[in-house]
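Engineer: with the input below, show me the fold.
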Amino acid sequence: MTALSLPDELVRVVSGVPGVITVYPAKAALPSLIENTVAAATGKDAPAPIALDDRNGRLTIDVTIGITDGASAAQTCRQVYEAVAAHLSAHTVQASRIRVLVANIETAAR
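Structural biologist: Below is the predicted model of the structure:
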């Protein structure tokens, strides 16, 4: 792994997928708000928006993205899934589930 944490690396990977314009917090709004508020109050870094859970030795990853209106939601989700899986595989990490959700489709300025 690089100096970045795995969630930070995955944000970079997901952000590089064509059509992805935003990576949103994958956790529910209230826990995400609390974590970000505590981070701001204590001067610590806010948690990365990609949620990783490693319970019972089974890694699960949740990614929530915003895409451009010219991108296919299904195709972009597949590309995000493939990019995350390839990144994990390159580091000999395997996830039991990678969930990709499109939360917003943003209209490009015309």
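
Engineer: distance of the closest residue to R99 other than its chain neighbours from T22?
Structural biologist: Closest residue to R99 apart from its sequence neighbours, by CB to CB, 6 or more residues apart in numbering: D62 at 4.9 Å. (Glycine included, C-beta is placed from N, CA and C.) The gap separating D62 from T22 is 15 Å, by CB to CB, to the nearest Å.

Engineer: circling back to that earlier point, could you look up the SS state of the residue nearest to R99?
Structural biologist: strand (DSSP: H, G, I helix; E, B strand; the rest coil).

Engineer: show me what contacts it?
Structural biologist: 26-27, 50-51, 53, 99, 101 (CB atoms under 8 Å, 6 or more residues apart in numbering).

Engineer: repeat that for 10 Å
Structural biologist: 25-27, 49-53, 97-101 (CB atoms under 10 Å, 6 or more residues apart in numbering).

Engineer: tell me the first helix or strand C-terminal of the longest helix seen in the chain.
Structural biologist: In the chain, taking DSSP state H as the definition, the longest helix is helix 73-90. For helix 73-90, the succeeding helix or strand toward the C-terminus, using DSSP states H and E, is strand 97-106.

Engineer: please identify the buried residues of that next one?
Structural biologist: By 16 or more other CB atoms under 10 Å, the buried positions in strand 97-106 come out as 98, 100, 102.

Engineer: do me a favour and average the pLDDT over that strand.
Structural biologist: Taken as a whole, strand 97-106 has an average pLDDT of 94.

Engineer: hmm, back to that, okay if I get the contacts of D62 as TSV plus distance to S72?
Structural biologist: Compiled in TSV, these are given as follows (distance: CB to CB, whole Å):
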residue	distance to S72
P25	24
A26	21
K27	26
P49	22
I50	22
A51	24
L52	26
D53	28
R97	22
I98	18
R99	18
V100	13
L101	15
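
Engineer: tell me the one of those residues nearest T76?
Structural biologist: V100 (8.3 Å; CB to CB).

Engineer: wait, what's in contact with the closest one?
Structural biologist: Contacts of V100 by CB under 10 Å, 6+ apart are 14, 17, 20, 26, 61-65, 73, 76-81, 83-84.

Engineer: could you redo the last one with a cut-off of 7 Å?
Structural biologist: 63, 65, 77, 80-81 (CB atoms under 7 Å, 6 or more residues apart in numbering).
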